[in-house]
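**Q** Okay, here's the prediction I keep looking at, along with the sequence it came from:
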Amino acid sequence: PWCVRKCPYCDFNSHTLNGELPLDAYTEALLADLERDLPLVWGRTVHSIYFGGGTPSLFPARQMELLLDGLRARLDLAPGLEVTLEANPGTIERDSFQAYRDVGINRVSLGAQTFDPAALTALGRIHGPGDIERSIESLHAAGLENFNIDLMFGLPGQSLESAVNDVDCALAGAPAHISHYQLTLEPNTAFAANPPELPDEDSCWAMQEMAAERLGSNGFVPYEVSAWCREGMASRHNLNYWRFGDYLGIGAGAHGKLTLPATGEVRRRIKTRHPKRYLAGEVLAQDVAVPARDLAFEYFLNALRLRDGFTLDAFEARTGLSRDAVSG
């Protein structure tokens, strides 16, 4: 949940790092958190693991190894499961992706956002274009070909030419996946309090259309509203979210959604946001059942992000509702 510096657009649960990372204490807290939740997932197989943040790449590979060993000892992990690490180019030393791969990370999501130096400064990022390029070189050198590049458009002062150049630079890095989404001003962020001047809607539409043309002509398929991938390289973990699958969340601020086998009840669980309180043992912040009247809305909120849409069979399986609930 920690970052070197909080970005002004970010509304995620990230906290500016002051002092040393509590590596061992946080790893122990994560495993203790998992232990408490194990009764909720007994007998179930885990098909993907996602290290999100904050900035998970602040944690060295050796710490990830300890955590993954702890997960393997407690959970039924599927053979060949997808293990994703979110990484900030400003916190990665050259060639360290090899160490992450050696401990079991097989997918990386690189938070580039833009290749334009001025735009990176405006976004409060701690890296430059050179850091992104070195990170991409390191990924290829480590044999981690299954990686995503995060890109934003509609940035302060951004031109169509600059937005298209970002896509071209990302394509030049030969990723398997590109996330391309528009900057939005979220409540309770520095940008919301002091909004920068952003391109107008017509300009942003032109950026999105041109990016789609570039990505499509380079073999990328748009399988979700902001996600493009090469054939067969969609994010398994994110697809589970959008298909309204279950997921267990551990860590400060983590969210989980679980269907209880005995009753079919769908529960949403949220862990305590602040790392200090979480480390002190104040773990579970919320545990509520999703009311039946909200299940259909939540399902479609996710499933309609996908290009392939949904089936009524999938709707019934994921929500426990009859298709008659949405007919007519």
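**A** Good, I have the coordinates. Numbers count the residues shown, from 1 in each chain.
**Q** tell me what the host helix or strand of Ala317 is packed against?
**A** Under the criterion of DSSP states H and E, Ala317 resides in helix 312-319. Secondary-structure packing of helix 312-319 (3 or more Cβ pairs under 8 Å, 6 or more residues apart in numbering; DSSP states H and E): helix 292-303. (Each C-beta comes from the backbone N, C-alpha and C, glycine too.)
**Q** Give me the residues contacting the helix it packs on.
**A** 241-244, 266, 290, 309-310, 314-315, 318-321, 325-326 (Cβ atoms under 8 Å, 6 or more residues apart in numbering).
**Q** Tell me which residues are up against the helix holding Ala317.
**A** Outside helix 312-319, the residues that touch it by Cβ under 8 Å, 6+ apart are 243-245, 266, 295-296, 299, 303, 321-323, 326.
**Q** So how do I select the buried members of those residues in ChimeraX?
**A** In ChimeraX, a selection of the buried entries from those looks like this (16 or more other Cβ atoms under 10 Å):
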select :243,244,266,295,299,303,321
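**Q** Can you pick out the most distant pair from the contacts of helix 312-319?
**A** Greatest spacing in the contacts of helix 312-319, by Cβ to Cβ: Gly245 and Ser322 (19.9 Å).
**Q** Secondary structure element holding Val83?
**A** strand 76-87.
**Q** Which strands or helices does the helix or strand following that strand pack on?
**A** Sequence-wise, the next helix or strand downstream of strand 76-87 (DSSP H and E) is helix 96-102. Applying 3+ Cβ pairs under 8 Å, 6+ apart, we find helix 96-102 packed against helix 61-74, helix 129-141.
**Q** For helix 96-102, the averaged confidence score.
**A** Here helix 96-102 scores 94 as its mean pLDDT.
**Q** Give the buried residues for it.
**A** Residues 96-97, 99-101 are the ones in helix 96-102 that count as buried (16+ other Cβ under 10 Å).
**Q** before we move on, what about stretch 206-224?
**A** 206-208, 210-211, 214-215, 220, 223-224.
**Q** repeat for stretch 186-202
**A** Using 16+ other Cβ under 10 Å as the test for burial, stretch 186-202 gives 189, 191, 198-199.
**Q** which of the contacts of helix 312-319 has the weakest pLDDT?
**A** Within the contacts of helix 312-319, pLDDT is lowest for Val326, at 82.
**Q** And it, how far from Ala317?
**A** 14 Å (Cβ to Cβ, to the nearest Å).
**Q** same deal with Glu161?
**A** 46 Å.
**Q** Could you check which of the two is surrounded by more residues?
**A** Between Glu161 and Ala317, Ala317 has the larger neighbour count (other Cβ atoms under 10 Å), namely 13 against 9.
**Q** Using CSV, write out every CA atom in the helix holding Ala317.
**A** Below are the C-alpha coordinates for helix 312-319, written out as CSV (Å, rounded to 0.1, in the frame of the first residue of the first chain):
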residue,chain,number,x,y,z
LEU,A,312,-27.9,-15.7,-19.3
ASP,A,313,-26.4,-19.0,-18.1
ALA,A,314,-23.3,-17.1,-16.8
PHE,A,315,-25.6,-14.5,-15.2
GLU,A,316,-27.5,-17.2,-13.3
ALA,A,317,-24.4,-19.0,-12.3
ARG,A,318,-22.6,-15.9,-10.9
THR,A,319,-25.6,-14.2,-9.2
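**Q** Much appreciated, bye for now.
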